[in-house]
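Enquirer: Can you look at this prediction? I've put the sequence above it.
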Amino acid sequence: MGMTLELSRLRKAYRQFDFGPMDLTVEEEVLAVLGPSGSGKTTLLSLIAGSTSPDSGSIQLDGRELVGLPLQDRHVGMVFQEGALFPHMTARENIAYAATASDRVDELATLFELEDVLDRKPPTLSGGERQRVALARTLATDPDVLLLDEPLSSLDAPIRKRLRDELHSLFESLEIPVLYVTHDQRTATALGDQIAIVRDGDLEQVGSPSTVLTRPTNRFVARFTGNENLFDGTVIDRTADGTTVQLSDIQCRTTASDIHTSTVTVCIHPSRVEIEAPYIADGDRTANTVTGTVARWLNEGSEYRIDIEIEAGSFTLTANVRPPTFERLALENGSEVQVLIPQDSIHLIPGRD
Amino acid sequence: MATGSHSNRSGTDTFGFDWLSVALVLGGVLLLYYVVPMVSLFLSVPAGEILAQMINPTVVDSATTSLLSASISTVIATLFGLPLAYWLARTNGAVTKIVLAVVVLPLVLPPTVGGIVLLTVFGPSSPLGEAAIAAGFPLTRSLAGVVLAQTFVASPFVVVTAKAAFEGVDQTLEYASRSLGKSRWTTARNVTLPLAGPGILAGITLAFARAIGEFGATMMLAYYPRTMPVQIWVAFIELGLDNAYPVAILLVLIAAAALLILNTVASNPWE
């Protein structure tokens, strides 16, 4: 028997912002809700938690209607952005306040490695410790759904990474729907079994991280998930196993075959663009191959971001390149390169919006 | 909630040296104006004589009346004021503004006018007043009258100060508590009230200090039993200034105690 959270036609109108109507189903999985600030992510959580009531629509949890129920009767666990720990209580008192059984406190303290800080008050805890206490406190109630509102956003990078890993394994052990709100694409793809992209109170796309990343349904989703290469294209040939698109002065071949409009947006994720030294033909022979020159590059730590001016196309393509490749090719501004774009890395979005 | 002290930047940056000196002199004059009469009061009468007068029955009676009535008024103000303060802190809109204005009205209304307003409702010739007299529980010239007058002028302090204290409690904490399965009442008792506690105590202290010093409205509603401020007036009129000193000194001491509370356990709303 799986716990299922089901929103249908959920609406809430504000003076300058309309949320929904939204339909969304979350099984026993982690749904990462990704969107820019002001897109309605927090509204979504507060509607489910019950701190805001919708104008219309329903929220069903395992067949039980939540709309109309007061906050305290919903069995919905919420982890707030800054933890929302009670500042006048120690960490232990915070967890014990929520715990249904007294041995849960020590159990959760062990799980979240909080034994040493249990008798300290929240203001003396580090950001990471605070969020661990907040998680422990919420889980102490054995909620039927877990909601998290950007719990990592105020943490420093190393702690954020570590806690993200911990959350990943925690979520795997939970057998309830989890909604994780974030504006950070990396956190969303790392933690989400599914990703929901929201904009202006509406769902733009829901799907697995790889689908949302490589097969965005519109330009907004594409840009928000880091697909910087978006170009206007025209379909010139269509067969059962792929499509040929005119992109500026070049033609490229893609395996996409479900596009039925003649004008398209060509979408190529920078991480899917491969770079080679000029005139060395190895690798995927079916890949689209063009030549270009490095216009500028940026060292982003784990990868290099390179803008390449495509010779035949008079457009600029962005590629993410791993440091070994960058160093092997001894790239610098003006370097001539060969750009390979595998056929299945070219995604087409209908229309040009 | 204590708001924490903000460290002021040196005034010399903005005002320049001369302006600061002028400000210091002007401020100093005002400070002296506060302190000198206080010291003068305590020096006016020999300490032994004050102590002797303190056990004078009229002084003891008035102190008893004042302490009792101010305590009752403060309890009433707290009981009715805290829910209103919480409501004001958690709602926004035109209605909230109007209600707040109504609450502040007794603060800006001259106390004697307050007394007149109350007399129209509780006075011996009003229906309510008549009924109360018939029931043997007169609402004027009685302890009840004193309490009515004091509550009218003092309770806004509880509402206004506690409202600010409740506003200082992050509403997210209340949501957090309730999402943990706790009722509104459990949340109020364990989260809101403890966090707003110092501010609420400040409101209660201010209300008590105001109630015990109430004179204008009390004079209109209940000349008897005499409270300390009324006793000061009577002593001054009938026996001269010297005879008003002991009760005045008592009131100064009570005021000082209130200040002490404001600056220790409570959170001083003006800090």
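Expert: Right, received. Where do you want to start? From a predicted model like this one, the values you see are computed outputs, not experimental measurements.

Enquirer: what about B:Thr91, how many residues close to it?
Expert: 10 (other CB atoms under 10 Å in any protein chain shown). Where you see a C-beta, it was placed from the backbone N, CA and C, and this is true even at glycine.

Enquirer: I figured B:Ser177 was touching A:Phe86, is that so?
Expert: Yes. The criterion here is CB atoms under 8 Å, and B:Ser177 meets it with A:Phe86 at 7.4 Å.

Enquirer: and these two? which has more neighbours close in?
Expert: B:Ser177 (24 against 21).

Enquirer: list the contacts for the more buried one?
Expert: Neighbouring residues of B:Ser177 by CB atoms under 8 Å, 6 or more residues apart in numbering or on different chains: A:Phe86, A:Tyr97, B:Thr186, B:Thr187, B:Asn190, B:Val191.

Enquirer: Which helix or strand contains the closest residue to the fourth one other than its chain neighbours?
Expert: Distances taken as CB to CB, 6 or more residues apart in numbering or on different chains place B:Ser177 nearest to B:Thr187, at 4.1 Å, with adjacent residues excluded. Secondary structure here is read from DSSP states H and E; on that basis B:Ser177 sits in helix B:171-179.

Enquirer: Kindly report the same for A:Gly2.
Expert: Residue-wise, A:Gly2 maps onto no helix or strand under DSSP H and E.

Enquirer: On the pLDDT front, check it for me.
Expert: With respect to pLDDT, A:Gly2 scores 75.

Enquirer: which regions of the chain lie under the pLDDT threshold?
Expert: This is for chain A. For chain A, the stretches with pLDDT under 70 are A:1, A:279-285, A:313, A:353.

Enquirer: should've been chain B
Expert: Residues of chain B that meet the cut-off, pLDDT under 70, sit at B:1-17.

Enquirer: Which parts of it are helices?
Expert: Ranges of helices in chain B, per DSSP state H, are B:12-44, B:47-54, B:57-90, B:94-108, B:111-122, B:127-134, B:143-167, B:171-179, B:184-187, B:193-212, B:216-221, B:228-239, B:245-263.

Enquirer: Chain A too?
Expert: A:41-49, A:91-98, A:103-111, A:127-139, A:157-173, A:185-191, A:209-214, A:219-224, A:323-328.

Enquirer: Nearest to B:Leu241 among those would be which one?
Expert: Closest to B:Leu241 of the helices of chain A, according to CB to CB: helix A:91-98, at 57.1 Å.

Enquirer: on contacts alone, who are the packing partners of that closest one?
Expert: If you count contacts as 3 or more CB pairs under 8 Å, 6 or more residues apart in numbering or on different chains; DSSP states H and E, helix A:91-98 packs onto helix A:103-111, helix A:127-139.

Enquirer: out of the ones you listed, deepest packed?
Expert: helix A:127-139 (a mean of 24; mean count of other CB atoms under 10 Å in any protein chain shown).

Enquirer: buried sites along stretch A:162-171?
Expert: A:Leu163, A:Arg164, A:Glu166, A:Leu167, A:Leu170, A:Phe171 (16 or more other CB atoms under 10 Å in any protein chain shown).

Enquirer: Who are the contact partners of the fourth one?
Expert: With contacts defined as CB under 8 Å, 6+ apart, A:Leu167 is in contact with A:Leu135, A:Pro151, A:Leu152, A:Leu191.

Enquirer: Contacts only, for the spatially most central residue of chain A.
Expert: Taking CA atoms, centre = their mean as the criterion, A:Ala188 is the residue nearest the geometric centre of chain A, at 2.9 Å. By CB under 8 Å, 6+ apart, the contact list for A:Ala188 reads A:Ala32, A:Val33, A:Leu34, A:Tyr180, A:Thr182, A:Ile195, A:Pro209.

Enquirer: which residues touch the second one?
Expert: If you count contacts by CB under 8 Å, 6+ apart, A:Val33 has them with A:Lys41, A:Leu44, A:Leu45, A:Leu179, A:Tyr180, A:Val181, A:Thr182, A:Ala188, A:Ile195, A:Ala196, A:Val198.

Enquirer: now do the last one
Expert: With contacts defined as CB under 8 Å, 6+ apart, A:Pro209 is in contact with A:Ala32, A:Ala188, A:Thr189, A:Gly192, A:Gln194, A:Ile195.

Enquirer: Can you tell me, leaving aside adjacent residues, what's nearest to it?
Expert: For A:Pro209, the closest residue by CB to CB, 6+ apart turns out to be A:Thr189, at 4.1 Å.

Enquirer: again, but for the first one
Expert: Setting aside the residues directly before and after it, A:Ala32 is nearest to A:Gly192 in space (CB to CB, 6+ apart), at 2.9 Å.

Enquirer: gap between that neighbour and A:Pro143?
Expert: Between A:Gly192 and A:Pro143 the computed distance is 19 Å (CB to CB, to the nearest Å).

Enquirer: who's in contact with A:Thr4?
Expert: By CB under 8 Å, 6+ apart, the contact set of A:Thr4 is A:Thr25, A:Val26, A:Glu27, A:Glu28, A:Gln60, A:Leu61, A:Asp62, A:Pro177.

Enquirer: follow-up on the earlier one: so of the helices of chain B, which one's packed in deepest?
Expert: It is helix B:143-167: most buried of the helices of chain B by mean count of other CB under 10 Å, with a mean of 25.

Enquirer: by contact count, what packs against that helix?
Expert: helix B:57-90, helix B:94-108, helix B:111-122, helix B:193-212, helix B:216-221.

Enquirer: OK, contacts around B:Val121?
Expert: B:Leu128, B:Gly129.

Enquirer: what's the answer for B:Gly203, then?
Expert: B:Gly81, B:Ala85, B:Phe157, B:Val158, B:Val159, B:Val160, B:Thr161, B:Ala162, B:Ala165, B:Pro269.

Enquirer: give me that answer again for 7 Å
Expert: B:Phe157, B:Val158, B:Thr161, B:Ala162 (CB atoms under 7 Å, 6 or more residues apart in numbering or on different chains).

Enquirer: For it, give its distance to A:Gly192.
Expert: From B:Gly203 to A:Gly192 the distance is 48 Å (CB to CB).

Enquirer: Likewise for A:Val178?
Expert: 9 Å.
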